[in-house]
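Colleague: Provided below for reference: sequence and predicted model.
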Amino acid sequence: MKAIRESTHISGFLYDKPLAEVSALTHCGEALCARGHSVKIHAHPGFEFHYLSRGGAYGWQVGGKTFEQKSGEIFVTYPQEPHLSGACANPESLFLWIGLKLGDPDADGSRFAKLLVKKKCRLLTGCQEIEPVLRGLVAQIISRRPHRGEAVRAYLHTFIALLEQRIRDTGPESGQPATRLPYSHSILKAVAYLQKNLDRRVPLAELASATASRSATNFCTRFSREVGVSPAAYHMRLRLQGARIALRQPAFTITTAALQFGFNSSQHFSSHFRREFGITPRRAILGDTHASREKTAKSP
């Protein structure tokens, strides 16, 4: 693993050829990018899929054209295709990405590659269910568990199956995925409610009531089906992301961040933080401080 320590990155990591036994996976990574972040022109031997977890209006340039990526969307680049970003003042953003050789037997994505080329896909909308798949894949890579190669292949097949399903849901004329709300009305209400209550754990019954759902059990099932994770897991992720941002402020210690975002203790908070981001809160603070100092040193 290579930690990303550039002035325009708050934190991040990159794996090149992460598993020797899974040759289809060329690279993967995650980065929390500062405002104004840009990527220099480069290309990859296989396909690359960039998922924008948080942020918006992120500009990409490919073949002389500019594409605007929004939260919950995947930006696709093709083998040996030069691409870059930075055409506009990009906002602070959280990205996950993966590189694949789709013709490799480990991925078994030849049909998927042909579909991508045929549809000329560039931006795939409404892909929130992809995020837990990417995070699960990275968690397997980081772990030293037996048979992790088999688990990573399973994640790759799931990733390809979900994207293929998404691409086939296209408009008849454009050949691009139809633009539509990523979730149903009740789930959007639930997401908004969770975002407004990051300082505590929201009981399932309360969340279901806030969306006028008659059954908490049925609501939970519907939420998990549409979002890809349970309401509790989704809320936990929102709280941890909020805490990570708060820790960049000098006034926030690990203890105050833990209490601010509804954790019983700093130990409880640190355990969940490390499970989500792969680093401890203290390591995140040191990394963010280092990036901030680098940025200040390079300023005229």
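Modeller: Received it, and whenever you're ready, just let me know what you need. Predicted model, so just to flag it, every value in this text is computed and none were measured. Residues are numbered from 1 along each chain as shown.
Colleague: how about the strands in the stretch 151-300 of the chain?
Modeller: Using DSSP state E, counting those that start in this stretch, no strands are assigned anywhere in the stretch 151-300 of the chain.
Colleague: where does it dip in pLDDT?
Modeller: When residues are selected by pLDDT under 70, those of the stretch 151-300 of the chain lie in 169-183, 287-300.
Colleague: in it, which spans are helices?
Modeller: For the stretch 151-300 of the chain, the helices defined by DSSP state H, counting those that start in this stretch occupy 185-196, 204-210, 216-227, 231-246, 254-260, 266-277, 281-298.
Colleague: which of the ones you listed sits most buried?
Modeller: Among those, helix 231-246 has the highest mean neighbour count (mean count of other Cβ atoms under 10 Å), at a mean of 20. (Glycine included, C-beta is placed from N, CA and C.)
Colleague: The helices of the stretch 151-300 of the chain into TSV, with extra columns for distance to residue 29?
Modeller: Converted to TSV, these look like this (distance: least, Cβ to Cβ, whole Å):
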stretch	distance to residue 29
helix 185-196	26
helix 204-210	33
helix 216-227	23
helix 231-246	17
helix 254-260	25
helix 266-277	13
helix 281-298	15
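Colleague: do you know which of the ones you listed lies nearest residue 93?
Modeller: helix 231-246 (12.1 Å; Cβ to Cβ).
Colleague: so what secondary structure elements neighbour the closest one?
Modeller: Judged by 3 or more Cβ pairs under 8 Å, 6 or more residues apart in numbering; DSSP states H and E, helix 231-246 is in contact with helix 185-196, helix 204-210, helix 216-227, helix 254-260, helix 266-277, helix 281-298.
Colleague: that older thread, of all the helices of the stretch 151-300 of the chain, which lies closest to residue 18?
Modeller: Residue 18 sits nearest to helix 266-277 of all the helices of the stretch 151-300 of the chain, at 17.2 Å, using Cβ to Cβ.
Colleague: relative to helix 231-246, how tilted is that closest one?
Modeller: 100 degrees (axes from the mean of the first three to the mean of the last three Cα atoms, to 10 degrees).
Colleague: for helix 266-277, the distance to its chain's centre please.
Modeller: Counting by Cα atoms, centre = their mean, to the nearest Å, helix 266-277 is centred 18 Å from the centre of its parent chain.
Colleague: Show residues contacting it.
Modeller: 11, 236-237, 240, 243-244, 254-255, 257-258, 261, 263, 279-281, 284 (Cβ atoms under 8 Å, 6 or more residues apart in numbering).
Colleague: still on that earlier bit, compile the helices and strands packed on helix 231-246 into JSON lines and extend it with columns for distance to residue 94.
Modeller: Putting the helices and strands packed on helix 231-246 into JSON lines (distance: least, Cβ to Cβ, whole Å) gives the following:
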{"stretch": "helix 185-196", "distance to residue 94": "15"}
{"stretch": "helix 204-210", "distance to residue 94": "24"}
{"stretch": "helix 216-227", "distance to residue 94": "17"}
{"stretch": "helix 254-260", "distance to residue 94": "17"}
{"stretch": "helix 266-277", "distance to residue 94": "10"}
{"stretch": "helix 281-298", "distance to residue 94": "13"}
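Colleague: Residue 144: which of the ones you listed is closest?
Modeller: helix 266-277 (15.6 Å).
Colleague: of the contacts of helix 266-277, closest to residue 85?
Modeller: Using Cβ to Cβ, the contacts of helix 266-277 come closest to residue 85 at residue 11, 18.2 Å.
Colleague: and for the helix or strand containing the closest one, what are the contacting residues?
Modeller: Following DSSP states H and E, one finds residue 11 within strand 9-16. Residues from elsewhere that reach strand 9-16 (Cβ under 8 Å, 6+ apart): 1-4, 26-34, 37, 92, 138, 141, 248, 277-279, 284, 287-288, 291.
Colleague: List the buried residues of it.
Modeller: Within strand 9-16, the residues scored as buried using 16 or more other Cβ atoms under 10 Å are 9, 10, 11, 12, 13, 15.
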